[in-house]
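> I'd like to go over a predicted model; first the sequence, then the structure.
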Amino acid sequence: MMWADKLGKQLGHPTRSVLGWLVSKFFKKHNRILEENAVQLCGILPGDTVLELGHGPGLGLQSALKLLTEPTGRLIGVDYSQYMHKMASELMKDQVASGKVTLYHCDVAAMPLPDSSVDKVFHCNCYYFWPDLKRGATEIHRVMKPGGMMVTTLRLSSIAKLASKRVMPGENWRPETYMAALRDCGFTDIRMEDKQDSLITFQAIYAIASK
């Protein structure tokens, strides 16, 4: 397997290995700004039920939890990587024990959540690793409450470079491909905006779950 294939596989599904450990360090260093902005941009309220997709080592979970200050506020995270699931579970063990946080090791296309149960959804640098964007988008739409906001953040320049080296699979990395999948399964008000933070330019994709 070529290095690009190995790296792409680890970025999408980190395992307990040297390369997986390095990928987790990369996430912690490079994703923090994107994670924190995704949390802020989706407008979390103190009593919301919030879902992070592809939570990785738990940076976004920590950021979102600070905003859920009411007793009814609840945080949910899902990740397909058992390694990332265990890492985040250890980081959030007290909150998981209290019931404030629930983490699932599962596919985004098959989440063990009730219909129309989530107010806000955010994710960072993960949709392009989903094998079927429409299935993933349909499942996100299913679990969201009517009018709920979803936000994803990414650095398009970095993703395009990885795609040029064939680290990213297929054409799923293109924002317009994901936005079309969101539109096809019932999301509305879909848009992408350029954002700036700490001299870093990144992109934010917004969508509303219309039902």
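Great, that's in hand.

> Tell me where this protein has helices.
3-12, 18-30, 32-41, 59-65, 82-91, 93-98, 133-143, 156-164, 175-184 (DSSP state H).

> mean pLDDT for those helices: which is lowest?
Note on the helices of the chain: lowest mean pLDDT is at helix 3-12, with a mean of 43.

> pLDDT value on Lys165, please?
So, for Lys165, pLDDT stands at 63.

> Actually, Lys120.
So Lys120 comes in at 98 (pLDDT).

> Ser210 too?
96.

> is it true that it touches Gly147?
Yes: using C-beta atoms under 8 Å, Ser210 is in contact with Gly147, at 7.5 Å. C-betas here are computed from N, CA, C, even on glycine.

> tell me, what residue is most central in the protein?
His123 (2.2 Å; C-alpha atoms, centre = their mean).

> Val78 contacts Val108, doesn't it?
Yes: between Val78 and Val108 a contact is recorded at 6.2 Å, counting by C-beta under 8 Å.

> any residues in contact with both of the two?
53-54 (C-beta atoms under 8 Å, 6 or more residues apart in numbering).

> Pull the number of nearby residues for Arg155.
By the criterion of other C-beta atoms under 10 Å, Arg155 has 18 neighbours.

> For it, which residues are in contact?
34, 125, 200-203.

> do that again at 10 Å, thanks
30-31, 33-34, 124-125, 161, 200-203 (C-beta atoms under 10 Å, 6 or more residues apart in numbering).

> Surely Asn172 touches Arg135?
No: assessed by C-beta atoms under 10 Å, Asn172 is found out of contact with Arg135, at 12.0 Å.

> Pull up the overlap in contacts between the two.
Joint contacts of Asn172 and Arg135 (C-beta under 10 Å, 6+ apart) are Ala181.

> what pairs with Lys120 across the strands?
Counting by DSSP bridges, Lys120 is bridged to Val50, Met149.

> okay, the residue nearest to the centre of the chain: pLDDT?
Reported pLDDT for His123: 96.

> Just give the closest residue to it, not the sequence neighbours.
Leu53 (3.8 Å; C-beta to C-beta, 6 or more residues apart in numbering).

> from memory the one you found sits against Leu61, does it?
No: using C-beta under 10 Å as the test, Leu53 is too far from Leu61 to be in contact (11.4 Å).

> list the residues that contact both of the two?
Common contacts of Leu53 and Leu61 (C-beta under 10 Å, 6+ apart): 76-77.

> Tyr178: what's it in contact with?
Tyr178 neighbours (C-beta under 10 Å, 6+ apart): 127-128, 130, 133-134, 136-137, 152, 154, 172, 190, 192, 205, 207.

> Now flag whichever of those is closest to Leu65.
Thr152 (19.2 Å; C-beta to C-beta).

> surely the closest one meets Trp130?
No: between Thr152 and Trp130 there is no contact under C-beta under 10 Å: 11.5 Å.

> got the contact list for Phe122?
34-35, 37-42, 44, 50-53, 55, 60, 63-64, 149-153, 204.

> And for it, nearest residue in space, chain neighbours not counted?
Ala38 (4.1 Å).

> cool, Asp197 as well?
What sits nearest to Asp197 in space, not counting adjacent residues and going by C-beta to C-beta, 6+ apart, is Ile33, at 5.3 Å.
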